[in-house]
Every structure is written in C-alpha cells, then in structure tokens.
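In: Have a look at this prediction, sequence included:
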Amino acid sequence: MATWTRDALQKLIASRMAGYKFIVVANREPFIHRYQGDRIEVLRPASGMVTALDPIMHASGGTWVAHGSGTADRDTVDANDRLQVPPDDPAYTLRRVWLTKRQEAGYYYGVANSGLWPLCHVTFTPPVFRPEDWQTYREVNRIYADAVLEEAGNDPSFVFIQDYHFCLLPRMLKEANSNLIIAHFWHIPWPNREVFRAFPYKEELLHGLLGNDLLGFHIRYHCQNFLDTVDRTIEARVDTDRFQVTRLGQTTTVQDFPISIDFKEHDEASRADAVTEAMDRWRRRLGRSARIVGVGIERLDYTKGIPQRLRAIDYLLQTRPEYRGRFVFLQVAAPSRSHIPEYQRLESEVEALVDEINFRWSESGWQPVLFLKEHHGQTDLMAIHRLAHFCIVSSLHDGMNLVAKEFVACRTDEDGVLILSQFTGSARELDDALQVNPFAIEEMASAMASAIEMPAEERQRRMRRMREHLARHNVFRWGGKVLSELLKFDFSESG
Ligand code: GDG
C-alpha cells in the first residue's frame, strides 16, 4: 500500500479538483483573533477536527466557513468577512459567519452540545432538548447555508461539512443548488437506534442529513448504527449491501473513514530543540521525586473519563505502596464549553478528586497529581508526551481520539506505553496499546502498573508497530479517501 503524503493529496486536488471550489464548513474556525489589551493575538483552538482539516485546506487553497468567535475577529476580516490564513503564511481563505449570543446559546451550547453531544456518547449524561434551541439551530443552519451558497456562486463546488452542528445544512444546500457535491463527516459516534429514539426532532434531523451525497463516520459500526436508525425512523430505501440510503430521489452513500494526524509533522516537530528544552522545564516543574510519570491531555470534557482515571490512580497508590513518593501523574485539560452546567460540574468534580488524592497520599516534597486546567502550546504538549512513561486515554466513549495518535507520533524514541480505552475509535487500530474498560477502576490501575513494569523491549516492540501503522494511516490518507469518494459524484458530465 502506497503511503499517502501531503504531496500526494496536493497532487490529487490539483489534478482532479481543478476548476472546482472547495468549501469546508465547520463551527470552529482554525484561527481565532483575540484582544489582549490593545494587542491582537492569534489562537489555534484545541480541536481534533481543526487538527485534521488544516493540512487538507493547505493542499486545496479553498475556503473555510466558520463562526467568528474571537473578540478581534470582526476587526481582522475584509468587507466580505474574509481573511487569508494562516496569518503569517497565507494558504487558504477563512470566511467568518457572525452569530448573536442568543444564536450561539441555542445552537452551539444548546442543541449541539447539551443535546446531540451527550445523546451520541454513551456516558450516561442525559441530553437536554429545548424547543427554542431547535428553532435557533434551524436559524443558524440557514445562516451558514446562505454563506456557503454565496461562496459557491454558480461555480462547480465541493462542500465538506463537519459534524453535528449542521444536520439541517446539507438538505438546505441541495434544495437551493442541486449541482453542489456535498459530503459530511460526523466526528463523534452515532449511537444505536434505541438511543437515537430519544431525539425529539429525529425525522427533521435525518431528512437534513440525507441531503448529503456522502456521509462519513470514523468506524463501520457507526455507519451501521446510522443505517439502522434511518430504517427505523423515516421513509427511505436502505441498501445494507451498498451502505446507501435513498430518500426522495437523493442517494446518500455512508462510509467509514478513520481520521488521523499528520504523523510526519508530529514526528519531525517533536525532535526540535525547543521540545527538548521544554522537557527539561517540565521535569524541573514535576520535581525530583517524579521518577515515573503518567500523563493525560485533553479538553476538559465528561466523555474523556478524567474522574475515572483519577480514581484508578488513587487505587494504584492504595494497592501498590511501592509507587508512593516516586510516581507523578500530570493531567493537562484545556477548558471547554464551560457555560454548560455539566462541564462546570465536571470541573468541580475533577478539582475535588485531585485535592482528595493529593491530601491522602502526599508526603514530604511529593504529591501524586498535578492538574493544569489551561490551554497549552504544541511544544509543551509534545514535551509532555515525550517525557511520559505512559499516556492514558480513558474516554468513556470517543469517535476516534487523536491524542492517542499524537502520543505515538511524538515518541521518536520508540518508548512509552499507551493505555487506551476500548471505547475509542482509535482502539480499532492501535492493537499494541494496553486496552482498558475505563469504567473498571481495578483494570485501569493494573494497566498503569503493567505500563510501569513493562520491559523496555516490549515497550519498544509495541510502540514501533503503532508508529508503523500511523505512518501509513495518516490524515492525508483520510483526506485522500474522502476526496476520492467525493470525486465519484462529479455530476458535471451527465449534465
Ligand atoms: C472530536 C471527537 C475525534 C488538547 N488540548 C490541547 C490541545 N488539544 C488537541 C489535541 C488533539 C485535539 O485537541 C483533541 O482531539 P481528540 O480527537 O482527542 O478529541 P475531540 O476534541 O473530542 O475531537 C474525537 C476528533 O473530533 C476528530 O475527528 O477524534 O473522537 O470527539 O489534537 O492535541 N491542543 C492545544 N492545546 C491544548 O491544551 N494546542
């Protein structure tokens, strides 16, 4: 199998997509402008989706349509709400869409992140559905539809929609311009049909999604759940052999595309001197007693199983006294969606747990957990990955999980152990991780002990195999596969 590279993807786009506009739609923008006093700073948000799409945008030079969420965003666009990004080396266009606080509350914090997010993840967090939020969700999908239609004009265009914020958008676009070729990638799990039954506006949502030509999920199981849900919920022809759904003359192909990272870039960047220097700084910060280091990095989100892993650390220290005074766990969590009560509860729970564990076990000059609730730069994240004896990804449910892949890509030394929840999409690919049920505290504690005690040779063998896998199954392969599939829908010849 030939390895997909940035260059190969670029060639595919240049040779097969020339003459087409390429428009990405995502809620999150890849660059946020923010006032810091009088100064404007540029921020790169912590998001798996942004991480994955950025290289494809570079290759295509297209337009990314997203919500302008930064305090300085309006002051950095032109008269058409556009700007060229990355700001220091422009490669593509960012088109910002403006939303009021009310629209943001109803569509983003409401339907998307209090409704669909908990509905699609099995974490036993009840979803909240407010009728007024659904009205706003419709309204916002319409705002995005208008922006995309304006960007596409009368030119042949591919539209690539991201995620659960835009379920109604594909149908709106298709009805307004049937020549658009539309794909949608769903970055989170699709639940089984029993769970989905709870969604109050399910027919309208599915009708919207079935405006797509192509609908992608990370793994085949989510595709099957989707087909099953459609079959149970609305009038449509479901072809389970071809993985296609036809409704009102429009056929949607449903396919799995496991997302990934730019492995080569991570590999190279993590070798930089700046990373080595940052490792030294972090070692000093962790203290001399941190002879064994475990790490966790993510957005502060209840799907990521942070309390569960902290309980496992507590259990580890209780049952394995030999690690006391020698083991430090560094939990880095970027604040996320903090206007939603469930996220505020999580933050309090994590803080209380860290406090409790540190109170219970700390002894002269040593405490077991360092919790940093802040956004970090790439150099620091790589340094943290590189100095860890193990990295734990204990998501209760996760579409893919890119942190697991980033940890592996940073380990150019072929050392370090990945402990990975079996409820992530990544677990289907990374067989050489120590796979755990994150709800099982003893099992997780014992995986941590196995990681600490694992012989160097075995660590190396496992890490090498995971690295070989990711070198080939990189984000360019994901992009290349999606785009190749999309090219099959080129209707221009048939008129
Ligand atoms: C959704 C799905 C799916 C984290 N903290 C910081 C930071 N990050 C970066 C990581 C990684 C990304 O954010 C998180 O990606 P994940 O994939 O782990 O998780 P979600 O954000 O929940 O992503 C997920 C993904 O979409 C893609 O389809 O894999 O299943 O839930 O890249 O490194 N980045 C920076 N500072 C931080 O503090 N700069």
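Out: Now that the structure is in, tell me what you want to look at.
In: Stretch 300-313: how far from the chain's middle?
Out: When C-alpha coordinates are averaged (C-alpha atoms, centre = their mean, to the nearest Å), stretch 300-313 and its chain have centres 17 Å apart.
In: correction: stretch 435-448
Out: Centre-to-centre, stretch 435-448 and its host chain are 23 Å apart (C-alpha atoms, centre = their mean).
In: Over to that stretch now: how far is its first residue from its last?
Out: For stretch 435-448, the first-to-last residue distance is 11 Å (C-alpha to C-alpha, to the nearest Å).
In: In PDB, could you pull the C-alpha coordinates for the helix or strand of the chain with the lowest mean pLDDT?
Out: Of all the helices and strands that make up the chain, the one with the lowest confidence by mean pLDDT, DSSP states H and E is helix 48-60; it has a mean of 77. Coordinates of each C-alpha in helix 48-60 appear next as PDB, following Å, rounded to 0.1, in the frame of the first residue of the first chain:
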ATOM      1  CA  GLY A  48      -9.300  17.300  16.800                       C
ATOM      2  CA  MET A  49     -11.300  18.400  13.800                       C
ATOM      3  CA  VAL A  50      -9.100  21.500  13.200                       C
ATOM      4  CA  THR A  51      -6.000  19.400  13.600                       C
ATOM      5  CA  ALA A  52      -7.300  17.000  10.900                       C
ATOM      6  CA  LEU A  53      -8.600  19.600   8.300                       C
ATOM      7  CA  ASP A  54      -5.800  22.100   8.400                       C
ATOM      8  CA  PRO A  55      -3.400  20.100   6.100                       C
ATOM      9  CA  ILE A  56      -6.200  19.500   3.600                       C
ATOM     10  CA  MET A  57      -7.000  23.200   3.500                       C
ATOM     11  CA  HIS A  58      -3.400  23.900   2.800                       C
ATOM     12  CA  ALA A  59      -3.400  21.500   0.000                       C
ATOM     13  CA  SER A  60      -6.600  22.700  -1.600                       C
END
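In: Mind listing residues that contact the helix or strand following it?
Out: Counting by DSSP states H and E, the next helix or strand C-terminal to helix 48-60 is strand 63-67. Residues lying outside strand 63-67 but in contact with it, judged by C-beta atoms under 8 Å, 6 or more residues apart in numbering, are 21-30, 53, 57, 82, 85, 92-99, 104, 108, 144, 147-148, 151. Backbone N, C-alpha and C define where each C-beta goes, glycine included.
In: run the last query once more with 7 Å
Out: 23-30, 57, 92-97, 99, 144, 147-148, 151 (C-beta atoms under 7 Å, 6 or more residues apart in numbering).
In: Sheet partners, orientation included, of that strand?
Out: For strand 63-67, sheet partners with direction are given as strand 21-25 (parallel), strand 92-97 (parallel), following DSSP bridges.
In: relative to helix 48-60, how tilted is that strand?
Out: 150 degrees (axes from the mean of the first three to the mean of the last three C-alpha atoms, to 10 degrees).
In: Downstream of strand 63-67, the next helix or strand is which one?
Out: Remark: after strand 63-67, the chain's next helix or strand is strand 82-85, criterion DSSP H and E.
In: Quick check: chain neighbours aside, which residue is closest to K373?
Out: Closest residue in space to K373, ignoring its immediate chain neighbours: A333 at 5.4 Å, by C-beta to C-beta, 6 or more residues apart in numbering.
In: Name the residues that touch stretch 134-154?
Out: With contact meaning C-beta under 7 Å, 6+ apart, stretch 134-154 is reached by 21, 23, 25, 63, 65, 95, 97, 99, 102-103, 106-107, 110-111, 159, 166, 168-169, 172-173, 176-177, 180, 201.
In: Show me which of those are buried.
Out: Of the members of the contacts of stretch 134-154, the ones counted as buried by neighbours, 16 or more other C-beta atoms under 10 Å, are 21, 23, 25, 63, 65, 95, 97, 99, 103, 106-107, 110-111, 159, 166, 168-169, 172-173, 177, 180, 201.
In: which residues does R477 contact?
Out: Applying C-beta under 7 Å, 6+ apart, one finds that R477 lies in contact with 4, 260.
In: okay, the angle between the helix or strand that contains it and strand 21-25?
Out: Using DSSP H and E, the secondary-structure element containing R477 is helix 475-487. Compare the direction of helix 475-487 with that of strand 21-25 by the same axes, to 10 degrees and you get 110 degrees.
In: Centre of the chain to helix 475-487, how far?
Out: Helix 475-487 has its average C-alpha position 18 Å from the chain's average C-alpha position, going by C-alpha atoms, centre = their mean.
In: Likewise for stretch 319-337?
Out: 23 Å.
In: related to what we said a few turns ago, ChimeraX command to pick out the buried ones of the contacts of strand 63-67?
Out: For the buried members of the contacts of strand 63-67, the matching ChimeraX selection, counting by 16+ other C-beta under 10 Å, is:
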select :23,24,25,26,27,28,29,30,57,92,93,94,95,96,97,99,144,147,148,151
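In: hmm, back to that, which ones among the contacts of stretch 134-154 map onto strands?
Out: Assignment to strands by DSSP state E places the following of those there: 21, 23, 25, 63, 65, 95, 97, 159.
In: what does the stretch 201-350 of the chain put close to the ligand?
Out: In this structure, the stretch 201-350 of the chain approaches the ligand at residues 259, 297-299, 334, judged by C-beta under 6 Å from any ligand atom.
In: residues in contact with the least confident helix or strand of the chain?
Out: Residues outside helix 48-60 that contact it (C-beta under 7 Å, 6+ apart) are 6, 9-10, 13, 22, 24, 26, 28, 30, 64, 91-92, 162-163, 187, 259, 261-262, 402, 475-476, 478-479.
In: would you put the C-alpha positions of the helix or strand hosting V254 in PDB?
Out: In this assignment (DSSP H and E), V254 forms part of strand 250-256. Taking C-alpha atoms only, strand 250-256 is exported to PDB below (Å, rounded to 0.1, in the frame of the first residue of the first chain):
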ATOM      1  CA  GLN A 250     -31.400  11.600  -3.400                       C
ATOM      2  CA  THR A 251     -29.000   8.900  -2.600                       C
ATOM      3  CA  THR A 252     -26.500   9.200   0.300                       C
ATOM      4  CA  THR A 253     -23.500   6.900   0.500                       C
ATOM      5  CA  VAL A 254     -22.500   6.100   4.100                       C
ATOM      6  CA  GLN A 255     -18.900   5.100   4.600                       C
ATOM      7  CA  ASP A 256     -16.200   4.800   7.300                       C
END
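In: about what we covered before: how about the strands paired with strand 63-67, which one is nearest M279?
Out: Ranking these by their distance to M279 (criterion: C-beta to C-beta) puts strand 92-97 first, at 33.1 Å.
In: For that closest one, give the mean pLDDT please.
Out: Per-region confidence: strand 92-97 scores 98 on mean pLDDT.
In: CA atoms only: put it into CSV for me.
Out: As requested, the backbone C-alpha atoms of strand 92-97 are provided in CSV (Å, rounded to 0.1, in the frame of the first residue of the first chain):
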residue,chain,number,x,y,z
TYR,A,92,-6.4,29.5,2.1
THR,A,93,-9.5,31.7,2.9
LEU,A,94,-11.4,31.9,6.2
ARG,A,95,-14.9,33.2,5.8
ARG,A,96,-16.4,34.2,9.1
VAL,A,97,-20.1,33.9,10.0
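In: Determine how far it lies from the middle of the whole chain.
Out: Distance, stretch centre to chain centre, for strand 92-97: 20 Å (C-alpha atoms, centre = their mean).
In: Fine, thanks again, bye for now.
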